[in-house]
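S.K.: sequence and predicted structure, then a few things I'm wondering about:
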Amino acid sequence: MDNVLSLLGLARKAGRLAIGEEPVGAAARARDARLILLARDASDNSARRAARFAEAGDCLLARIPADKVALGAAVGRASCAMLAVTDVGFADAIGKRLAALDAARYGALSERLRLKADRAAARRRAQQRRDKRAGQSKPRKT
């Protein structure tokens with residue numbers, strides 16, 4: 001679990017996390033959230049809200065085995081019940097580490113995140129090719 005929490009700390013430093021209920025809801029509504037993580041001891045009300053956020057933002061939801069205090073400590077807060085990862089690469093890496101902890105519980109989640117990361121990488125490569133072609137074109141002489 002320490003691998004996942006340390007990766008969350010890196011994502012926070014990179015600015016790729018929305019921490020807390022309101023920022024998670026805003027990120028989900030803006031369709032920026034890729035993965036919503038919920039602490040194991042989060043209340044039922046928080047779990048329902050996180051599920052609605054995930055549905056509205058078309059992202060994945062996972063309840064992780066860390067409690068609110070451990071999750072909060074990883075992201076520089078006293079406690080944290082939910083957070084959203086807004087970068088597909090970080091979300092994929094977190095999914096892989098969760099699947100390594102418990103393949104039966106997080107294996108399907110990890111696979112879906114890997115597919116999303118692969119699609120995002122393909123779109124990025126296609127955009128780079130288009131940008132490169134646009135930069136190489138010569139202006140017409142009239």
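M.R.: Thanks, I have it.
S.K.: in which helix or strand would I find the spatially closest residue to residue 4 that is not a sequence neighbour?
M.R.: Of all residues not flanking residue 4 in the chain, residue 97 sits nearest, at 4.9 Å (Cβ to Cβ, 6 or more residues apart in numbering). For the C-beta atoms, the positions are set from N, CA and C on the backbone; glycine is no exception. Counting by DSSP states H and E, the element that carries residue 97 is helix 88-101.
S.K.: burial of residue 128, as a residue count?
M.R.: 10 (other Cβ atoms under 10 Å).
S.K.: average pLDDT for the helix or strand in which residue 37 is found?
M.R.: Element membership for residue 37, per DSSP H and E: strand 35-38. The average pLDDT within strand 35-38 is 96.
S.K.: also stretch 113-123?
M.R.: In the prediction, stretch 113-123 has an average pLDDT of 94.
S.K.: stretch 96-110 too?
M.R.: Stretch 96-110 carries an average pLDDT of 94.
S.K.: how far away is the most centrally placed residue in the chain from residue 94?
M.R.: For the chain, residue 85 is the residue whose C-alpha lies nearest the centre (Cα atoms, centre = their mean; 2.8 Å). To residue 94, residue 85 is 6 Å away according to Cβ to Cβ, to the nearest Å.
S.K.: what sits in contact with each of the two?
M.R.: 8, 11, 35, 37 (Cβ atoms under 8 Å, 6 or more residues apart in numbering).
S.K.: tabulate the residues you listed in a markdown table, adding columns for neighbour count and distance to residue 24.
M.R.: Converted to a markdown table, the shared contacts of residue 85 and residue 94 look like this (neighbours: other Cβ atoms under 10 Å; distance: Cβ to Cβ, whole Å):
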| residue | neighbour count | distance to residue 24 |
| --- | --- | --- |
| 8 | 25 | 14 |
| 11 | 22 | 14 |
| 35 | 25 | 11 |
| 37 | 26 | 9 |
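S.K.: understood, closing this out.
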